[in-house]
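Participant: Build the 3D model from these lines:
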Amino acid sequence: MSKNVSDQLVETLVDAGIQRIYAVTGDSLNYVNAAVHRNGKIKWIHVRHEETAAYAAGAEAQLKGLACCAGSSGPGHVHLINGLYDAHRSSASVVAIASTIPTKEFGMNYFQETNTIKLFDDCSCYNQIATTPEQLPRMLQAALQQAVHKRGVAVIGLPGDITNLPDRKSVV
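Facilitator: Model (predicted):
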(Lines give C-alpha, C1' and ligand atoms only; values in the text may rest on other atoms or scores of the structure.)
Protein backbone atom coordinates (compact mmCIF):
# COMPACT_ATOMS: atom_id res chain seq x y z
CA MET A 1 0.00 0.00 0.00
CA SER A 2 1.43 3.37 -0.97
CA LYS A 3 1.47 6.03 1.69
CA ASN A 4 0.10 9.52 1.43
CA VAL A 5 1.39 12.83 2.78
CA SER A 6 -0.69 12.40 5.94
CA ASP A 7 1.03 9.08 6.66
CA GLN A 8 4.40 10.78 6.20
CA LEU A 9 3.36 13.60 8.54
CA VAL A 10 2.23 11.18 11.25
CA GLU A 11 5.36 9.00 10.97
CA THR A 12 7.57 12.07 11.35
CA LEU A 13 5.63 13.25 14.40
CA VAL A 14 5.90 9.79 15.97
CA ASP A 15 9.66 9.70 15.26
CA ALA A 16 9.94 13.08 17.03
CA GLY A 17 8.27 11.66 20.13
CA ILE A 18 4.80 13.14 19.68
CA GLN A 19 2.28 10.86 21.38
CA ARG A 20 -0.95 12.79 20.78
CA ILE A 21 -2.51 15.28 18.40
CA TYR A 22 -5.17 17.45 20.05
CA ALA A 23 -7.73 18.50 17.45
CA VAL A 24 -11.30 18.65 16.20
CA THR A 25 -12.06 15.99 13.62
CA GLY A 26 -13.37 17.13 10.26
CA ASP A 27 -12.89 18.98 7.04
CA SER A 28 -9.32 19.33 5.86
CA LEU A 29 -7.97 17.24 8.76
CA ASN A 30 -9.81 14.04 7.82
CA TYR A 31 -6.83 12.44 6.03
CA VAL A 32 -4.51 13.28 8.93
CA ASN A 33 -6.97 11.74 11.38
CA ALA A 34 -7.18 8.59 9.24
CA ALA A 35 -3.37 8.38 9.12
CA VAL A 36 -3.20 8.62 12.91
CA HIS A 37 -5.55 5.64 13.20
CA ARG A 38 -3.60 3.65 10.58
CA ASN A 39 -0.33 4.34 12.38
CA GLY A 40 -1.45 3.17 15.81
CA LYS A 41 1.55 4.72 17.64
CA ILE A 42 -0.02 8.13 18.19
CA LYS A 43 -3.45 9.12 19.47
CA TRP A 44 -5.93 11.60 18.09
CA ILE A 45 -7.41 13.40 21.09
CA HIS A 46 -10.72 14.82 19.91
CA VAL A 47 -11.61 18.05 21.67
CA ARG A 48 -14.75 20.12 21.31
CA HIS A 49 -12.93 23.34 20.46
CA GLU A 50 -9.54 24.10 18.88
CA GLU A 51 -8.67 26.53 21.68
CA THR A 52 -8.78 23.55 24.04
CA ALA A 53 -6.49 21.66 21.65
CA ALA A 54 -3.88 24.42 21.72
CA TYR A 55 -4.02 24.78 25.51
CA ALA A 56 -3.77 20.99 25.95
CA ALA A 57 -0.76 20.82 23.64
CA GLY A 58 0.86 23.72 25.50
CA ALA A 59 0.34 21.99 28.85
CA GLU A 60 1.68 18.69 27.54
CA ALA A 61 4.72 20.44 26.08
CA GLN A 62 5.43 22.01 29.47
CA LEU A 63 5.36 18.52 31.02
CA LYS A 64 6.96 16.38 28.30
CA GLY A 65 8.93 18.76 26.10
CA LEU A 66 7.08 18.61 22.76
CA ALA A 67 3.41 18.38 21.80
CA CYS A 68 1.07 18.83 18.84
CA CYS A 69 -2.33 20.33 18.07
CA ALA A 70 -4.26 20.93 14.87
CA GLY A 71 -7.04 23.11 13.52
CA SER A 72 -8.72 23.44 10.18
CA SER A 73 -9.26 26.60 8.16
CA GLY A 74 -11.44 29.48 9.14
CA PRO A 75 -12.73 29.27 12.69
CA GLY A 76 -10.40 26.36 13.48
CA HIS A 77 -7.38 28.56 12.91
CA VAL A 78 -8.78 31.51 14.81
CA HIS A 79 -9.72 29.28 17.74
CA LEU A 80 -6.12 28.05 18.06
CA ILE A 81 -4.78 31.57 18.61
CA ASN A 82 -5.28 32.02 22.38
CA GLY A 83 -3.72 28.67 23.26
CA LEU A 84 -0.84 29.16 20.83
CA TYR A 85 -0.08 32.61 22.23
CA ASP A 86 -0.05 31.09 25.71
CA ALA A 87 2.25 28.25 24.61
CA HIS A 88 4.60 30.56 22.73
CA ARG A 89 4.85 33.11 25.54
CA SER A 90 5.45 30.38 28.12
CA SER A 91 8.19 28.74 26.00
CA ALA A 92 6.26 25.54 25.32
CA SER A 93 7.46 23.55 22.30
CA VAL A 94 4.30 23.00 20.26
CA VAL A 95 3.84 21.99 16.65
CA ALA A 96 0.53 23.31 15.31
CA ILE A 97 -0.88 21.86 12.12
CA ALA A 98 -3.01 24.52 10.44
CA SER A 99 -4.90 22.54 7.86
CA THR A 100 -6.11 24.84 5.09
CA ILE A 101 -8.39 25.08 2.09
CA PRO A 102 -7.45 23.36 -1.20
CA THR A 103 -4.44 24.92 -2.91
CA LYS A 104 -6.37 25.69 -6.11
CA GLU A 105 -8.64 27.96 -4.04
CA PHE A 106 -5.87 30.11 -2.49
CA GLY A 107 -6.54 33.81 -3.02
CA MET A 108 -10.04 33.25 -4.43
CA ASN A 109 -12.09 34.29 -1.37
CA TYR A 110 -12.92 30.66 -0.73
CA PHE A 111 -15.27 29.95 2.17
CA GLN A 112 -13.36 30.17 5.47
CA GLU A 113 -10.01 31.00 3.84
CA THR A 114 -7.41 32.36 6.24
CA ASN A 115 -3.86 33.46 5.61
CA THR A 116 -1.94 31.26 8.04
CA ILE A 117 1.29 33.21 7.61
CA LYS A 118 -0.32 36.50 8.73
CA LEU A 119 -2.56 34.89 11.33
CA PHE A 120 0.08 32.91 13.23
CA ASP A 121 3.16 35.06 12.69
CA ASP A 122 3.06 36.83 16.06
CA CYS A 123 2.56 33.67 18.14
CA SER A 124 5.14 31.39 16.56
CA CYS A 125 8.87 30.95 16.05
CA TYR A 126 8.32 29.08 12.77
CA ASN A 127 5.38 29.57 10.41
CA GLN A 128 5.26 28.18 6.88
CA ILE A 129 2.76 26.59 4.50
CA ALA A 130 3.54 23.50 2.45
CA THR A 131 1.87 23.71 -0.95
CA THR A 132 3.43 20.56 -2.45
CA PRO A 133 4.14 17.08 -1.07
CA GLU A 134 7.85 17.63 -1.68
CA GLN A 135 7.97 20.59 0.71
CA LEU A 136 6.47 18.86 3.73
CA PRO A 137 9.40 16.70 4.90
CA ARG A 138 11.87 19.59 5.14
CA MET A 139 9.32 22.04 6.50
CA LEU A 140 8.10 19.62 9.14
CA GLN A 141 11.66 18.84 10.20
CA ALA A 142 12.42 22.56 10.41
CA ALA A 143 9.23 23.13 12.43
CA LEU A 144 10.13 20.39 14.90
CA GLN A 145 13.68 21.72 15.28
CA GLN A 146 12.53 25.32 15.73
CA ALA A 147 9.86 24.36 18.28
CA VAL A 148 12.41 22.45 20.36
CA HIS A 149 15.45 24.72 20.01
CA LYS A 150 13.61 28.03 20.26
CA ARG A 151 11.11 26.66 22.78
CA GLY A 152 8.05 28.02 21.05
CA VAL A 153 5.24 27.32 18.63
CA ALA A 154 5.95 26.09 15.12
CA VAL A 155 3.06 26.27 12.66
CA ILE A 156 2.80 24.18 9.52
CA GLY A 157 0.08 25.26 7.12
CA LEU A 158 -1.06 22.14 5.31
CA PRO A 159 -3.76 22.26 2.62
CA GLY A 160 -6.30 19.45 2.86
CA ASP A 161 -5.83 18.45 -0.78
CA ILE A 162 -2.09 17.93 -0.24
CA THR A 163 -2.65 15.54 2.67
CA ASN A 164 -4.09 12.79 0.47
CA LEU A 165 -1.49 13.02 -2.30
CA PRO A 166 1.08 10.22 -2.54
CA ASP A 167 4.09 10.52 -0.27
CA ARG A 168 6.89 11.17 -2.78
CA LYS A 169 9.21 8.81 -0.86
CA SER A 170 6.89 5.87 -1.51
CA VAL A 171 6.27 6.57 -5.22
CA VAL A 172 8.27 4.19 -7.40
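Participant: in which helix or strand would I find residue 107?
Facilitator: Following DSSP states H and E, one finds residue 107 outside all helices and strands.
Participant: Residue 57 now?
Facilitator: Per DSSP H and E: helix 50-64 holds residue 57.
Participant: now do residue 97
Facilitator: strand 94-100.
Participant: In terms of secondary structure, what does that strand contact?
Facilitator: helix 50-64, strand 67-72, helix 75-89, helix 116-120, helix 136-149, strand 153-159, helix 160-163 (3 or more Cβ pairs under 8 Å, 6 or more residues apart in numbering; DSSP states H and E). No exception for glycine: its C-beta is placed from N, CA and C like everyone else's.
Participant: quick check: angle from the helix holding residue 57 to strand 94-100?
Facilitator: Relative orientation of helix 50-64 versus strand 94-100 (axes from the mean of the first three to the mean of the last three Cα atoms, to 10 degrees): 150 degrees.
Participant: quick one: contacts of helix 50-64?
Facilitator: 17, 19-20, 22-24, 45, 47, 67-71, 75-77, 79-84, 86-87, 90, 92-94, 96 (Cβ atoms under 8 Å, 6 or more residues apart in numbering).
Participant: Check which residues of that helix are buried.
Facilitator: 50, 51, 52, 53, 54, 55, 56, 57, 58, 59, 60, 61 (16 or more other Cβ atoms under 10 Å).
Participant: Tabulate those residues (a markdown table), appending distance to residue 8 and pLDDT.
Facilitator: Listed next are the buried residues of helix 50-64 as a markdown table, based on distance: Cβ to Cβ, whole Å; pLDDT from 0 to 100:
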| residue | distance to residue 8 | pLDDT |
| --- | --- | --- |
| 50 | 23 | 96 |
| 51 | 28 | 97 |
| 52 | 27 | 98 |
| 53 | 22 | 98 |
| 54 | 23 | 98 |
| 55 | 27 | 98 |
| 56 | 24 | 98 |
| 57 | 21 | 98 |
| 58 | 25 | 98 |
| 59 | 27 | 98 |
| 60 | 23 | 98 |
| 61 | 23 | 98 |
